[in-house]
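Q: Any chance you could fold what I've pasted below:
(chains A, B, C and D)
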4 protein chains.
Amino acid sequence: MTDAPFTHRLRVRYAEVDQQQVVFNAHWLTYFDESCTRFIEHLGWGPDTWTRDFDVMLVKAVVEWQGPARFDDWIDIAVAPTRLGTTSFDLRFTATVDGNPAAIATITYVSIVPGQHRPVEIPPAVRAVLEHRLT
Amino acid sequence: MTDAPFTHRLRVRYAEVDQQQVVFNAHWLTYFDESCTRFIEHLGWGPDTWTRDFDVMLVKAVVEWQGPARFDDWIDIAVAPTRLGTTSFDLRFTATVDGNPAAIATITYVSIVPGQHRPVEIPPAVRAVLEHRLT
Amino acid sequence: MTDAPFTHRLRVRYAEVDQQQVVFNAHWLTYFDESCTRFIEHLGWGPDTWTRDFDVMLVKAVVEWQGPARFDDWIDIAVAPTRLGTTSFDLRFTATVDGNPAAIATITYVSIVPGQHRPVEIPPAVRAVLEHRLT
Amino acid sequence: MTDAPFTHRLRVRYAEVDQQQVVFNAHWLTYFDESCTRFIEHLGWGPDTWTRDFDVMLVKAVVEWQGPARFDDWIDIAVAPTRLGTTSFDLRFTATVDGNPAAIATITYVSIVPGQHRPVEIPPAVRAVLEHRLT
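A: Numbers count the residues shown, from 1 in each chain, chains lettered A, B, ... in the order given. So this is what the prediction gives:
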C-alpha cells in the first residue's frame, strides 16, 4: 500500500463498442467496478480475501460522460474515496483517454456482511486505509 | 401513441446475475437503454427511423438501487420525460420487481446529428411528444 | 408440457450490436443460454426449481453463423435435444431472423450436482422428457 | 513481428462471473475476440489500420471447456493459425489458468471488404504472416 494516487488502466474491447463507434454506456459501470476491485486490492485486500472479510453493494452511481472512448483506446481511471460514512462510502472515478476527459463518476457503496445483503459497519482496518486517502 | 404511462417489461437473464446472486450493476444501464428504445418506439419512432431522423448520446446517468433483482425475475420499468431542454432531455426510469422498488434512474440525453456526435436541437416532432408527456 | 416444437423469441438490444452493425458473436451464446432456460422451463422446471433439483455446465459449443441479426431484429430460436447420454446431453439451437437462417448451434451440457461442479447422472424425470423430444 | 508463440493474458472481471462462481460461457468468445485483436496487432496490424485494410467476420466457433476460471483469475490464451484458405482461416485458442487447461477453441474467420459483409480474398501481406505461423 502506498499513498500515491491510484490509477487503473484498461483497454477498450471490440465487444464493448456500439454502432456509434464509442464504448456503450453500460460498460463504463463495469470499468468502474473493475477499477474498484484493483483499488481495494492496492489497499491490501485481494479479491480472495475481501469478499470473505468484507463485501460491498452499490446503492448509487452518478456518471457523467465527457468525451468518447473508442475501440482499442487505453483508458486511465483514477480512483479515490470522497466520503466515508459508518456503513457506506463514496469512490470517485476520473477517466481519461490520452489525457482527455472521458467520464467521471461517484459511486456509493454500502458495506455488507459477506454472502448476505445486510448492511454492516465498514471494518476498522478498511476504514483506516480509506480515511487516509480521503480527498 | 397513447398517453397511458409507458412501461417496458423484461426478464433477468442468467448471464446478467453475478456471484452475489443479483443483477450486476452495469446491466441496469442496458435495461434502461432498452426501455428508452421501446419508449421512443412507443412515441412513434421505430429504431429503423429514429437513428436516421434523430439520435441521442448519454451525458449523465444517476442510478439508485433500492432492492434486488434476481435470475428470472420480471422487471417492470416505467419511463417518462422529466426535463426538456433545447438540445437535451431527461428520462426517468422507475423499476420494480413484483411491485417492489428495485431501482430508479434519471438519464440525460443530448440530441445529436445522426451518424455524428455533434449536438443539435431536438427535432420539433420529437419535442412535441416528449412535452406532452412531461411529468 | 407439450410436444410442439419449442421456440424462444427475443429482440436484439442496441447494447448487443457492434461497429459492424450486427450482433457481436459472444451474445449468441447468451441468447442460446436464455433459450435453454426457457426450454427447460417449458419442460416443467422453472429456474426456481431446476438449479435446486438439477443443474448443468457447458462442456462444448459449436456455433455456425449464417446471416446477420441487427439492432431491434426479432430472433426466433428453436430448441431440441439431439443426443442424450448418461451424464450429458446435446441441445440443438436453430436461429432465424424473419425466417432467414441466422445461426445454428449444438451445445453439450453435463448434468452436475446443484451448487457443485461435479458431474452426476441426468435425473430420471429430466431424462424422460428430453428423451421424448429427441430429434 | 516475431516467431515466438503469441499469448494474450487477461484477468477475469467480477462482471463476468455468474452464480456458479465461474466465468459465464459467452464471455469466453469475448476473450477469444480480444486475443485475436492482440494477435493480429502483434503480426503488424493495429486496430486503427486492420479494419481499414482488411476485416473479418466469424463463420464458425468450436469451444471446449476443460476447467473453471474464477473471479480475478489470470487467463493465458495462446493463439495460432491452424488453417489458411483463400478467403477464410482458422485460429486456435488455448486457454489456461495457472497452467491448468481452461478452454480450447477453433474459430473460423472469413476475410471481408472493410465496412461491408462481402467475402474477399485474404490480403497477400496478411496471408504471408499467417502462413509463416501455421501449426
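Q: for chain B, what are the nearby residues on chain A?
A: Proximity of chain A to chain B, by Cβ under 8 Å from any Cβ of the partner chain, involves residues A:19-20, A:22, A:24-30, A:33, A:51, A:55, A:57-65, A:68, A:117. Bear in mind the C-beta positions are built from the backbone N, C-alpha and C, glycine included.
Q: Alpha carbons only: can I get stretch A:110-124 in PDB?
A: Extracted in PDB, the C-alpha atoms of stretch A:110-124 (Å, rounded to 0.1, in the frame of the first residue of the first chain):
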ATOM      1  CA  VAL A 110     -22.600   0.100   1.300                       C
ATOM      2  CA  SER A 111     -20.600  -2.400   3.400                       C
ATOM      3  CA  ILE A 112     -22.400  -5.700   3.700                       C
ATOM      4  CA  VAL A 113     -22.000  -9.000   5.600                       C
ATOM      5  CA  PRO A 114     -20.200 -11.200   3.000                       C
ATOM      6  CA  GLY A 115     -22.600 -13.700   1.400                       C
ATOM      7  CA  GLN A 116     -25.600 -11.600   2.600                       C
ATOM      8  CA  HIS A 117     -27.200  -8.400   1.500                       C
ATOM      9  CA  ARG A 118     -27.300  -6.900   5.100                       C
ATOM     10  CA  PRO A 119     -25.500  -3.600   5.800                       C
ATOM     11  CA  VAL A 120     -22.800  -3.700   8.400                       C
ATOM     12  CA  GLU A 121     -20.300  -1.200   9.700                       C
ATOM     13  CA  ILE A 122     -17.200  -0.800   7.500                       C
ATOM     14  CA  PRO A 123     -14.500  -2.900   9.100                       C
ATOM     15  CA  PRO A 124     -12.000  -0.700  11.100                       C
END
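Q: That stretch close to chain C?
A: No. Between stretch A:110-124 and chain C, judged by Cβ under 8 Å from any Cβ, nothing touches; the nearest distance is 13.5 Å.
Q: what residues does that stretch touch?
A: When contacts are defined by Cβ atoms under 8 Å, 6 or more residues apart in numbering or on different chains, stretch A:110-124 is touched by residues A:51-59, A:84-89, A:126, A:130, B:20, B:22, B:68.
Q: So among those residues, which ones count as buried?
A: Buried by 16 or more other Cβ atoms under 10 Å in any protein chain shown: A:51, A:54-59, A:88-89, A:126, A:130, B:20, B:22, B:68, out of the contacts of stretch A:110-124.
Q: Which of the contacts of stretch A:110-124 fall in strands?
A: A:D55, A:V56, A:M57, A:L58, A:V59, A:L84, A:S88, A:F89 (DSSP state E).
Q: With pLDDT added, can I get those in TSV?
A: Shown next, in TSV, are those (pLDDT from 0 to 100):
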residue	pLDDT
A:D55	90
A:V56	94
A:M57	95
A:L58	97
A:V59	98
A:L84	97
A:S88	98
A:F89	98
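Q: orientation of the helix or strand containing A:A26 relative to helix B:25-42 in degrees?
A: Secondary structure assignment for A:A26, by DSSP states H and E: helix A:25-42. Angle, helix A:25-42 to helix B:25-42, by axes from the mean of the first three to the mean of the last three Cα atoms, to 10 degrees: 170 degrees.
Q: now helix A:25-42: how far from the chain's centre is it?
A: Distance of helix A:25-42 from its chain centroid, counting by Cα atoms, centre = their mean, to the nearest Å, is 4 Å.
Q: which other helices and strands contact it?
A: strand A:6-11, helix A:47-53, strand A:55-65, strand A:74-84, strand A:88-97, strand A:100-112, helix B:25-42 (3 or more Cβ pairs under 8 Å, 6 or more residues apart in numbering or on different chains; DSSP states H and E).
Q: try it again with 6 Å
A: strand A:6-11, strand A:74-84, helix B:25-42 (3 or more Cβ pairs under 6 Å, 6 or more residues apart in numbering or on different chains; DSSP states H and E).
Q: Listing partners with orientation, what would you give for the shortest one?
A: Yep, that's strand A:6-11 we're talking about. Paired with strand A:6-11 in the same sheet, following DSSP bridges, are strand A:74-84 (antiparallel).
Q: ok, the residue most central in space within chain A to B:E64 distance?
A: Residue closest to the average C-alpha location in chain A (Cα atoms, centre = their mean): A:C36, at 3.1 Å. According to Cβ to Cβ, to the nearest Å, A:C36 and B:E64 sit 18 Å apart.
Q: before we move on, back to that, what about the closest residue to the residue nearest to the centre of chain A other than its chain neighbours, how many neighbours?
A: Excluding its sequence neighbours, the residue lying closest to A:C36 (Cβ to Cβ, 6 or more residues apart in numbering or on different chains) is A:L91, at 6.0 Å. When counting by other Cβ atoms under 10 Å in any protein chain shown, one arrives at 22 neighbours for A:L91.
Q: show me what contacts A:L91?
A: Neighbouring residues of A:L91 by Cβ atoms under 6 Å, 6 or more residues apart in numbering or on different chains: A:V79, A:P81, A:I107.
Q: show me the contacts for A:E64.
A: A:I104, B:K60.
Q: Can you tell me which helix or strand of chain A has the lowest average pLDDT?
A: One helix or strand of chain A scores below all others by mean pLDDT, DSSP states H and E: helix A:47-53, with a mean of 76.
Q: That helix close to chain D?
A: Yes. Using Cβ under 6 Å from any Cβ of the partner chain, helix A:47-53 reaches chain D at A:P47.
Q: Residues contacting that helix, please?
A: Helix A:47-53 is contacted by residues A:I40, A:P114, D:F71, D:D72 when judged by Cβ under 6 Å, 6+ apart.
Q: Spell out the secondary structure type for the last one.
A: What DSSP: H, G, I helix; E, B strand; the rest coil gives for D:D72 is coil.
Q: what sits against the residue lying farthest from the centre of chain A?
A: Centroid-distance maximum for chain A: A:Q19 at 26.3 Å, with Cα atoms, centre = their mean. Neighbour list for A:Q19: C:V17, C:Q21 [criterion: Cβ under 6 Å, 6+ apart].
Q: 8 Å instead, please
A: Contact partners of A:Q19, counting by Cβ under 8 Å, 6+ apart, are B:T51, C:Y14, C:V17, C:D18, C:Q19, C:Q21, C:F71.
Q: go on, A:T108?
A: With Cβ under 8 Å, 6+ apart, A:T108 has these contacts: A:L58, A:V59, A:K60, A:A61, A:R83, A:S88, A:F89, A:D90.
Q: Could I get the contacts of A:L91 in a markdown table, plus columns for neighbour count?
A: Below are the contacts of A:L91 laid out as a markdown table (neighbours: other Cβ atoms under 10 Å in any protein chain shown):
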| residue | neighbour count |
| --- | --- |
| A:V79 | 22 |
| A:P81 | 19 |
| A:I107 | 25 |
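Q: Generate a markdown table for these, with distance to D:I122 as supplementary columns.
A: Converted to a markdown table, the contacts of A:L91 look like this (distance: Cβ to Cβ, whole Å):
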| residue | distance to D:I122 |
| --- | --- |
| A:V79 | 43 |
| A:P81 | 51 |
| A:I107 | 45 |
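Q: Buried residues, the helix holding A:A26. List them.
A: The neighbour-count check on helix A:25-42 (16+ other Cβ under 10 Å) flags A:25-42 as buried.
Q: How many neighbouring residues does the residue lying closest to A:L43 once chain neighbours are set aside have?
A: Nearest non-adjacent residue to A:L43, counting by Cβ to Cβ, 6+ apart: A:V129, 4.6 Å away. As a burial measure, A:V129 scores 15 neighbours (other Cβ under 10 Å).
Q: same deal with A:F24?
A: 23.
Q: just A:G46 next, same as before
A: When neighbours are counted by other Cβ under 10 Å, A:G46 comes out with 12.
Q: how about it, what does it touch?
A: Residues in contact with A:G46, defined by Cβ under 8 Å, 6+ apart, are D:D72.
Q: measure it to D:F71 for me?
A: Counting by Cβ to Cβ, the gap from A:G46 to D:F71 is 11 Å.
Q: All set, thanks.
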